[in-house]
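In: next input, structure requested:
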Amino acid sequence: MYLSDKWEDYKIVDASGGEKLEYWGQYLLRRPDPIAVWDDKTDLARWNKVDAWYHRSNKGGGSWQVFNKGIPDKWQIRYRELVFNVRPTGFKHTGLFPEQAVNWDFISELIKSAKRPVKVLNLFAYTGGATVSALSAGAEVCHVDASKGIVTWAKENVISSGLGDRKVRYIVDDVVKFVKREIRRGNRYDGIIMDPPSYGRGPSGEMWKIEEALFPLICDCMEILSDDPLFMLINSYTTGLSATVLKNVMRVTAQKRFGGEFDADEIGLPIEANGLILPCGITGRWYRKD
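Out: Have a look, this model is predicted:
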């Protein structure tokens with residue numbers, strides 16, 4: 001398992017009964033997490049002394065119940081030298097997936113060790129955790145997401161991390177269409193990151209279903225990797241796409257074309273109260289070291 005265990009400003013205190021209890025900086029949040037199927041709450045007192053609690057609605061979605069009236073609309077947390085703006089949203093999320101820190105370290109090390117200019121393409125880039133990490137390591141980044149508001153949030157994270165002067169291009173677009181245009185334009189990248197949703201719609205209503213669309217997208221990405229690429233990173237939170245599926249995909253695409261190494265495994269976060277690991281999807285990595 002790839003374990004994100006280097007955090008100081010974030011930790012999972014406990015997870016049980018389909019929920020998790022997390023510190024985001026100084027604020028303690030209680031949120032749903034259906035993966036926590038076991039029922040064994042370790043610290044009952046803290047479960048009932050949270051700053052905010054997200055309740056699902058039977059009609060879909062949900063809302064936050066705020067107990068600490070002093071909790072701000074948004075605040076910042078740090079991972080190493082990176083700074084992120086987090087805030088509770090109407091969809092239970094906070095704008096950051098902490099488990100991805102282990103991948104931020106992975107791409108940062110590859111970029112720094114390359115000792116050459118590196119161009120990175122971040123697809124389905126969300127609020128830019130990987131974008132910030134790649135920029136901090138010295139890469140030039142193209143950040144692509146279909147949501148204008150999310151891209152604005154990513155810009156805030158880049159600026160908060162003191163990287164506003166780095167080479168970064170922000171694109172609000174459907175990922176599939178953007179990649180096809182990059183093929184026609186002849187643009188190339190040394191590293192590609194993607195964090196595709198299970199289902200989704202592009203800015204013009206384009207449908208995305210990962211089981212049907214992922215492999216064609218990866219094949220297109222082969223056409224925009226440089227002649228001397230460093231890595232491709234694929235994240236999935238879709239139950240049906242196992243680590244073996246991602247290994248198979250990388251074997252018949254990136255490794256077949258460029259050689260190199262690949263692997264895929266679960267990605268997770270440690271739970272402080274009981275030493276368990278909370279799984280948070282899977283990650284596939286193809287890479288070559290200079």
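
In: the most far-flung residue of the chain relative to its centre: helix or strand, and which one exactly?
Out: Distance from the centre of the chain peaks at Ala45, with 31.2 Å (CA atoms, centre = their mean). Following DSSP states H and E, one finds Ala45 within helix 44-47.

In: how far off centre is that helix?
Out: Its chain's average C-alpha position is 29 Å from that of helix 44-47, according to CA atoms, centre = their mean, to the nearest Å.

In: what's next to it, contact-wise?
Out: Val13, Asp14, Leu21, Leu28, Arg30, Lys41 (CB atoms under 8 Å, 6 or more residues apart in numbering). Any C-beta I mention is one placed from the backbone N, CA and C, and that applies to glycine too.

In: do that again at 10 Å, thanks
Out: By CB atoms under 10 Å, 6 or more residues apart in numbering, the surrounding residues in contact with helix 44-47 are Val13, Asp14, Ser16, Gly17, Glu19, Leu21, Tyr23, Leu28, Arg30, Lys41, Trp53, Ala273.

In: okay if I get those as CSV plus secondary structure?
Out: Formatted as CSV, the entries for the contacts of helix 44-47 read as follows, by DSSP: H, G, I helix; E, B strand; the rest coil:
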residue, secondary structure
Val13, strand
Asp14, strand
Ser16, strand
Gly17, coil
Glu19, strand
Leu21, strand
Tyr23, strand
Leu28, strand
Arg30, strand
Lys41, coil
Trp53, strand
Ala273, coil
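
In: of these, closest to Ile193?
Out: Tyr23 (26.9 Å; CB to CB).

In: so what's that closest one up against?
Out: For Tyr23, the contact set (CB under 10 Å, 6+ apart) comprises Trp7, Asp9, Tyr10, Lys11, Ile12, Val13, Leu29, Arg46, Asp51, Ile77, Glu272.

In: next: Val144.
Out: Val144 sits next to 121-125, 131, 151, 169-175, 178-179, 182, 194 when contact means CB under 10 Å, 6+ apart.

In: now a PyMOL select for only the buried ones of those residues.
Out: Those of these that count as buried under 16 or more other CB atoms under 10 Å are selected in PyMOL with:
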select buried, resi 121+122+123+124+125+131+151+170+171+172+173+174+175+178+179+182+194
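
In: in helices only, show me the contacts of Val144.
Out: Under the assignment DSSP state H, the contacts of Val144 contribute Thr131, Val151, Val175, Phe178, Val179, Glu182 to helices.

In: grab the nearest non-local neighbour of the fourth one.
Out: Of all residues beyond its chain neighbours, the one nearest Phe178 is Val144 (5.4 Å), with distances taken as CB to CB, 6 or more residues apart in numbering.
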